[in-house]
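Trainee: Only the shape, not the letters, is given here:
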């Protein structure tokens, strides 16, 4: 018995047969990358480099692109006048040149007339400033029991530190002002040059654009061009009408108050408030207030109150009505488009937002399929009517209305109409 236990103890336990490990893979096979990976890395790096290059070029050319956009809408604005002159036998380039010369002559004459008026008013204000200062000092001494004098105020102003700093900053900022003026003139020249080419070579530009498109697309491009011209012309018409109303209203006020240069100031208010976006209202109202202040300071307050009241009338009553009729867009859409254009492109966006949105709306409206709207259900009749009539028939019940909708749906399916009619007839026969 002991011998058996020792024998069992010495006998090793049953173990599974050893498995042979797989042969090791060569180091080159383990380290080799997929064949597509280098090409994918090169492609990703190339796309990223192209994106960075395109983004840099876009930011460098954004000013030029905005100028071209302004020039395009300006060319659309003068397109009707140029087309009428060209239809009468005049060369299109000469007609465009005459239209732009008329616009430039009007602008230069208006600026010269305003400049002479403003220079005369400023010189008169400088001459009368001591009298205004004496009246203010006497009013202050009488009401607040002070002992101010004009010489004391002049001496304190001339020897003040803030005046010296202002003069130094103004002297150093002359170069910046000159650079800004030259940049504005160059931008204006660029806009006029591009708009002249767009207007003079309009038919050639449309022909070159349509020559690379199939005939169906050519008709769409020509239709979009005509819609853009129509909507831009309607927008300028509405702006010109609002400028006329605003100029006449302010002219009447200035004439009643006895303000000099009332006709010129009326034209100034009308044009600047309508064709200079965002800040045009403030610039238009500042000059009449300045001129009215030279006559009587209280007249300046009257002009300010009238400008504020008229602006509210124009924003909430006049402009939405005229815009909805001439440009054919909803007043809320016009207001929202101006806000969106200002957020995207600033003053330029506010100026071209309404004609751009009107053009887009009219162009999309020609390709959007519209359906008849099922209105409110009519009042049910006392008895269920089986009479089939037109939309104006009275006493139509809910079942008749549902059957009409079903018939319209079946007619719109095309080939499935006959099968539907057959199945319906089979069901009725059953």
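Mentor: Now that the structure is in, tell me what you want to look at. Everything numeric here is computed off the predicted structure, so don't read it as measured data. Numbers count the residues shown, from 1 in each chain.
Trainee: Kindly list the single helix or strand of this protein that scores lowest on mean pLDDT.
Mentor: Within the chain, no helix or strand scores below helix 416-429, which has a mean of 42 by mean pLDDT, DSSP states H and E.
Trainee: If you average the pLDDT over stretch 306-318, what comes out?
Mentor: Averaged across stretch 306-318, the pLDDT comes to 86.
Trainee: now that stretch, how far from the chain's geometric center?
Mentor: In terms of Cα atoms, centre = their mean, to the nearest Å, the centre of stretch 306-318 is found 21 Å from the chain centre.
Trainee: Buried residues, that stretch. List them.
Mentor: Residues of stretch 306-318 classed as buried by neighbour count (16 or more other Cβ atoms under 10 Å): 306, 307, 310, 311, 314, 318. Every residue, glycine included, has its C-beta placed from N, CA and C.
Trainee: What are the boundaries of the helices in the stretch 251-400 of the chain?
Mentor: Using DSSP state H, counting those that start in this stretch, the helices of the stretch 251-400 of the chain run over 262-275, 280-295, 297-313, 319-326, 331-345, 347-365, 398-412.
Trainee: Out of these, which one sits most buried?
Mentor: Among the helices of the stretch 251-400 of the chain, the stretch with the highest mean neighbour count (mean count of other Cβ atoms under 10 Å) is helix 262-275, at a mean of 21.
Trainee: From the contact counts, what lies against that helix?
Mentor: When contacts are defined as 3 or more Cβ pairs under 8 Å, 6 or more residues apart in numbering; DSSP states H and E, helix 262-275 packs onto helix 92-144, helix 215-257, helix 280-295.
Trainee: Return the most buried member of those.
Mentor: Stretch with highest mean neighbour count among those: helix 280-295 (a mean of 19; mean count of other Cβ under 10 Å).
Trainee: want to throw the buried residues of stretch 306-318 into CSV with distance to residue 148?
Mentor: CSV is the format used below for these (distance: Cβ to Cβ, whole Å):
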residue, distance to residue 148
306, 33
307, 33
310, 38
311, 37
314, 43
318, 47
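Trainee: Roughly how far does the residue nearest to residue 224 when sequence neighbours are not counted sit from residue 213?
Mentor: In this structure, residue 224 finds its nearest non-sequential neighbour in residue 363, 5.1 Å apart by Cβ to Cβ, 6 or more residues apart in numbering. Taking Cβ to Cβ, to the nearest Å as the measure, residue 363 falls 16 Å from residue 213.
Trainee: swap in residue 70?
Mentor: Residue 70 is 26 Å from residue 213, by Cβ to Cβ.
Trainee: neighbour count winner among these two?
Mentor: residue 70 (21 against 12; other Cβ atoms under 10 Å).
Trainee: and that one, what helix or strand is that in?
Mentor: According to DSSP states H and E, residue 70 maps onto helix 36-87.
Trainee: average pLDDT across that helix?
Mentor: 89.
Trainee: which helices and strands does that helix pack with?
Mentor: Packing partners of helix 36-87 (3+ Cβ pairs under 8 Å, 6+ apart): helix 92-144, helix 174-200, helix 202-210, helix 215-257, helix 347-365.
Trainee: Tell me the backbone dihedrals of residue 89, please.
Mentor: phi 100, psi 0 (degrees, to the nearest 10).
Trainee: circling back: output the helices of the stretch 251-400 of the chain in TSV, with distance to residue 193 appended to each entry.
Mentor: Converted to TSV, these look like this (distance: least, Cβ to Cβ, whole Å):
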stretch	distance to residue 193
helix 262-275	20
helix 280-295	25
helix 297-313	35
helix 319-326	29
helix 331-345	20
helix 347-365	17
helix 398-412	53
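Trainee: Among those, single out whichever gets nearest to residue 168.
Mentor: Residue 168 sits nearest to helix 280-295 of all the helices of the stretch 251-400 of the chain, at 26.6 Å, using Cβ to Cβ.
Trainee: Redo the helices and strands packed on helix 262-275 as a markdown table? Include mean pLDDT and distance to residue 151.
Mentor: Formatted as a markdown table, the helices and strands packed on helix 262-275 follow (pLDDT from 0 to 100; distance: least, Cβ to Cβ, whole Å):
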| stretch | mean pLDDT | distance to residue 151 |
| --- | --- | --- |
| helix 92-144 | 82 | 10 |
| helix 215-257 | 84 | 34 |
| helix 280-295 | 84 | 24 |
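Trainee: Now do the domain split for this structure, please.
Mentor: Domains of the chain are assigned by automatic domain parsing as 59-135+182-212, 215-368.
Trainee: so can I have TSV of the ones you listed showing distance to residue 52?
Mentor: Converted to TSV, the domains of the chain look like this (distance: least, Cβ to Cβ, whole Å):
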stretch	distance to residue 52
domain 59-135+182-212	11
domain 215-368	23
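Trainee: And these: which comes nearest residue 47?
Mentor: Among the domains of the chain, domain 59-135+182-212 comes nearest to residue 47, with 18.8 Å by Cβ to Cβ.
Trainee: Helix, strand, or coil at residue 90?
Mentor: Under DSSP: H, G, I helix; E, B strand; the rest coil, residue 90 falls in the coil class.
Trainee: Please tell me how far it sits from residue 260.
Mentor: As for residue 90, its distance to residue 260 is 42 Å (criterion: Cβ to Cβ).
Trainee: do residue 110 as well
Mentor: From residue 110 to residue 260 the distance is 18 Å (Cβ to Cβ).
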